[in-house]
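*Asks:* Take a look and give me a structure for this.
(one chain, ligands or ions: 1)
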Amino acid sequence: MLSPQSTPYDWCIVGGGIAGLTAARALAQHGQRVVVIEQSVIGHGATAAAGGMLAPLVEARSAEPHTVQFGMEALRFYPEFVAQLQAEAEMNVGYRTEGTLVVAPDRDQAEQLRHLFAEQQRLQLPVEWLSGYELRQIEPYLSPTVVGGIRSQQDHQVDNRLLAVALARAVVRLGGKVIENVGELYPERVGGTWQAEANGVSIKAANILLAEGAAATALRRMLPDIAKHLRPVKGQFLRLDQRELHLIDHVVRTTEVYLVPKNNGQIVVGASAEDRGFDNRNTVGEIFELLRAAWECIPAVRELPILETGVGFRPATSDHLPLLGRTQIEGLAVAAGYYRHGILFAPYAAHLLADHLVQQASNQWIHTFSPERFHEPNRQR
Ligand SMILES: Cc1cc2nc3c(=O)[nH]c(=O)nc-3n(C[C@H](O)[C@H](O)[C@H](O)COP(=O)(O)OP(=O)(O)OC[C@H]3O[C@@H](n4cnc5c(N)ncnc54)[C@H](O)[C@@H]3O)c2cc1C
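*Replies:* Below is the predicted model of the structure:
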């Protein structure tokens, strides 16, 4: 990567979601001069829509070995990452370790969960099967119809919205800059330097890192061959208020819905998974189904006030793996395609990416997630 001293920044990071912010922080930790450019406000994209679950175990499927393995490594990376970040940003990011319960509110779902549990056992994951009675000992508001389920004490969660705020603070404290509300920004290479202009902001940098999430507008323009492998997967969600009627402390999931309690008394309920482009409207059908499924496992949710409904777009690649690393354009790198796991994946991925970009450290994951795989269809992964 280029690093001429004539430019004020080593890196201009386009996009202030979890991908861009974690990468900016990791690069700044290597002494790189970074600026994050966000078209709107930091963390407002998929990063704000997420449940914040760090759940590689309960989501494990043997058909997705890279996702499971990378997810486990990313989960192990989290406690130290959170401790360091909280110290840098001087704030708490709501990292919670109560664990996750995947429950079956009826016998059909119990059958499905038994299959999932068998698969998790084949993968030798540290999960256990509990009866309905045992589950209600842990979360008393679970429906009396819950017949059993899986407990994973190692699937944790974090407050994704606080995480974005803390990361932006950390970037600034490490000497970087974060600029919001710039509108859509298209970097261009002029005489060996990258330049980007929008809404009166003009940035010059030696290198660009595109972290635009599902939108990938600049990526589509600059590397259409790679960008065509990226698509938005729409997710509708709600936030409920359990400050007056406290229902749960664990992440509670079924095969149809998840409920994630946050320290501020909110419960995130999600999420649909729809291939509908960038349609950002909530629909009656999906919100109804989420609430029905939530009510089936915890009937008392019907008493909770609804604080928010929303939509986010997961950045999915055609092979469901991240896009991480250098591209064939000099000085241009990408951190995208985190799909359903961006909150879990991003801190560890950013750590590996920064080592690779700054110190040329080689790593199997950087090879596996390289954007170049879409230019080399027969490459060995
Ligand atoms: C409903 C839902 C639930 C989810 N739940 C979880 C979960 O529980 N756990 C988990 O690990 N993951 C979860 N995910 C996935 C996770 O949220 C995403 O993988 C992650 O947020 C992607 O981060 P990102 O930074 O790539 O994209 P985003 O968060 O979308 O950020 C991209 C940012 O770039 C900005 N931008 C785009 N183009 C430009 C441009 N040209 N110029 C300037 N700025 C630009 C956007 O405004 C945006 O702020 C969930 C996703 C959804 C939608």
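
*Asks:* tell me which residues of the lowest-mean-pLDDT helix or strand in the chain are tucked away?
*Replies:* Within the chain, no helix or strand scores below strand 193-198, which has a mean of 85 by mean pLDDT, DSSP states H and E. Neighbour-count burial for strand 193-198 flags 193, 194, 195, 196, 198 (criterion: 16 or more other CB atoms under 10 Å). Glycine gets a C-beta too; all of them are placed from N, C-alpha and C.

*Asks:* Show me the two of those residues that sit farthest apart.
*Replies:* 193 and 198 (16.9 Å; CB to CB).

*Asks:* coming back round to it: can I have the least confident helix or strand of the chain written out in CSV, keeping just the CAs?
*Replies:* What follows is strand 193-198, C-alpha atoms only, in CSV (Å, rounded to 0.1, in the frame of the first residue of the first chain):
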residue,chain,number,x,y,z
THR,A,193,-3.2,10.0,-4.6
TRP,A,194,-6.8,9.2,-3.7
GLN,A,195,-9.2,12.2,-3.6
ALA,A,196,-12.7,12.2,-2.4
GLU,A,197,-15.1,15.1,-2.3
ALA,A,198,-18.7,15.5,-1.1
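
*Asks:* Can we start the residue count at 687 from this point?
*Replies:* With 687 as the first residue, the last one maps to strand 879-884.

*Asks:* and after that strand, which helix or strand comes next?
*Replies:* strand 887-896 (DSSP states H and E).

*Asks:* Quick one: list the elements packing against the least confident helix or strand of the chain.
*Replies:* If you count contacts as 3 or more CB pairs under 8 Å, 6 or more residues apart in numbering; DSSP states H and E, strand 879-884 packs onto strand 695-700, strand 874-876, strand 887-896.

*Asks:* weakest of those by average pLDDT?
*Replies:* With a mean of 88, strand 874-876 has the lowest mean pLDDT of the helices and strands packed on strand 879-884.

*Asks:* what about the residue nearest the centre of the chain, distance to residue 701?
*Replies:* The centroid of the chain falls nearest to residue 1028 when counting by CA atoms, centre = their mean (2.0 Å). Taking CB to CB, to the nearest Å as the criterion, residue 1028 is separated from residue 701 by 12 Å.

*Asks:* So the residue of the stretch 887-1036 of the chain found nearest the ligand: helix, strand or coil?
*Replies:* Nearest residue of the stretch 887-1036 of the chain to the ligand, counting by CB to the nearest ligand atom: residue 1028, 2.2 Å away. Secondary structure for residue 1028, judged by DSSP: H, G, I helix; E, B strand; the rest coil, is helix.

*Asks:* quick one, what contacts it?
*Replies:* Residues in contact with residue 1028 (CB atoms under 8 Å, 6 or more residues apart in numbering) are 703, 704, 705, 732, 733, 736, 1000, 1001.

*Asks:* Can you report how many residues neighbour the closest residue to the ligand within the stretch 687-836 of the chain?
*Replies:* Nearest residue of the stretch 687-836 of the chain to the ligand: residue 703, at 2.0 Å (CB to the nearest ligand atom). Number of residues near residue 703 (other CB atoms under 10 Å) recorded here: 32.
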